[in-house]
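Enquirer: Please work out how this folds:
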Amino acid sequence: MLTQTTTRVLEPSDLGAALAILESEPVANAFVTSRVQVAGLDPWRLGGEMWGWYADGRLRSLCYSGANLVPICAGPEAVRAFADRARRAGRRCSSIVGPAEPTTQLWRLLEPSWGPAREVRGNQPLMVTESLSAHVTPDPLVRRIRKDETEILMPACVAMFTEEVGISPLAGDGGLLYQARVAELIGTGRSFARIDDGKVVFKAEIGAATSQACQIQGVWVAPEHRGKGLSETGMAAVLRYALADVAPVVSLYVNDYNTPARKAYRRVGFREVGAFMSVLF
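Expert: A predicted model of the protein is given here:
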């Protein structure tokens, strides 16, 4: 018998089925799961559409289509269906990001019509930990950032984003969306930094958080302080907060060519469990 498949935009009534898929891989799906748990599936609140791929009437795979295009628990047939839908809609996202295998296939199908990309990062190791390392002492000066310290933190956030992504987050809308995101993380207690003499020395955020897993992002050390081990002690401090207050599993993903960062994260206690891929436009 032939399998009957279809793809459609999910509706709020599909929330339970969507969450069941998202929560089946809590680490890999933390970013999208955290958004859906807060906003549901209404496109306006979610900031994009959630596409569902059905086989024989059962929801099997998802694809988030917003500022990022993210394949979720998607096998080859689902990826082809999502690529067809994305191609017809035209590119609206600034990146494609997700587990390396389906994201590679998705980009291969979309590149003829969406390419060239500004940059393709084909192998970004996904790292996780459930415990603090006994070998790195958390920096006691790393703490949660207060709302009245937003202006102190913002230059470091802009520097990190520009260094990591290659463009300034202040371009386009003047940085309004980016500033709102930074303010949101501060307001929810998920922004951390060490501030010495009014300047940020180290910073990081817990960018995505569910009850099962959370994801650290935006790790940055001021250039004049690099090479002093602050990334390790600072990450250990953020990890301590994350494990105590947020989730039992903490993850991050890093560019494969960033050897110093990968070594530092391993010393803090992270191990590699898979890989992500990012296509930047």
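Enquirer: Which residues does the host helix or strand of T150 contact?
Expert: In this structure, T150 is located in helix 150-165 according to DSSP states H and E. Residues outside helix 150-165 that contact it (Cβ atoms under 8 Å, 6 or more residues apart in numbering): 145, 168-170, 175, 178-179, 182-183, 186, 191, 193, 195, 198-200, 203, 218-220, 222, 280. For every residue, glycine as well, the C-beta is placed using N, CA and C.
Enquirer: Tell me how far the next helix or strand after that helix lies from the chain's centre.
Expert: Counting by DSSP H and E, the next helix or strand C-terminal to helix 150-165 is helix 171-174. Counting by Cα atoms, centre = their mean, to the nearest Å, helix 171-174 is centred 21 Å from the centre of its parent chain.
Enquirer: pLDDT of helix 171-174, averaged?
Expert: Across helix 171-174, the average pLDDT comes to 80.
Enquirer: After that helix, heading C-terminal, what element do we hit next?
Expert: Downstream of helix 171-174, the next assigned helix or strand under DSSP H and E is helix 176-187.
Enquirer: Provide the count of other residues in contact range of Y241.
Expert: Close neighbours of Y241, defined as other Cβ atoms under 10 Å, add up to 19.
Enquirer: Name the nearest residue to T233, sequence neighbours excluded.
Expert: Leaving aside its chain neighbours, T233 sits nearest to D139 (3.9 Å; criterion: Cβ to Cβ, 6 or more residues apart in numbering).
Enquirer: Residue ranges in the chain under the pLDDT threshold?
Expert: Filtered on pLDDT under 70, the chain yields the residue ranges 1-2.
Enquirer: mind listing the helices for it?
Expert: 15-22, 30-39, 43-46, 76-89, 100-114, 150-165, 171-174, 176-187, 230-245, 259-268 (DSSP state H).
Enquirer: hmm, back to that, can you mark which positions in the helix holding T150 are buried?
Expert: Using 16 or more other Cβ atoms under 10 Å as the test for burial, helix 150-165 gives T150, L153, M154, A156, C157, V158, A159, M160, F161.
Enquirer: Please tabulate those in TSV, including the columns distance to A209.
Expert: Shown next, in TSV, are the buried residues of helix 150-165 (distance: Cβ to Cβ, whole Å):
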residue	distance to A209
T150	20
L153	19
M154	22
A156	21
C157	18
V158	23
A159	24
M160	19
F161	20
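Enquirer: Kindly give a single ChimeraX line that selects the buried subset of the contacts of helix 150-165.
Expert: In ChimeraX syntax, the buried subset of these is picked out as below (16+ other Cβ under 10 Å):
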select :145,169,175,178,179,182,186,191,193,195,200,203,218,219,220,222
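Enquirer: how about N258, phi and psi?
Expert: Main-chain dihedrals, N258, degrees, to the nearest 10: phi -90, psi 70.
Enquirer: from here on, count from 495
Expert: Fine by me, first position is 495 from now on; the one you just mentioned is N752.
Enquirer: Now do the contacts for it.
Expert: N752 makes contact with no residue, according to Cβ under 8 Å, 6+ apart.
Enquirer: I'd like the distance from it to V614, if you could.
Expert: As judged by Cβ to Cβ, to the nearest Å, N752 and V614 stand 16 Å apart.
Enquirer: what does A702 give?
Expert: Separation of A702 from V614 (Cβ to Cβ): 23 Å.
Enquirer: and E543, what does it touch?
Expert: By Cβ under 8 Å, 6+ apart, the contact list for E543 reads V503, L504, P537, Y558, S559, G560.
Enquirer: If we ignore the residues flanking it in sequence, what's nearest the first one?
Expert: Take V503 and drop its neighbours on the chain: the residue closest to it by Cβ to Cβ, 6+ apart is E543, 5.0 Å away.
Enquirer: do the third one as well
Expert: By the measure of Cβ to Cβ, 6+ apart, the closest residue to P537 outside its immediate chain neighbours is E543, 5.1 Å from it.
Enquirer: Cheers, nothing more for now.
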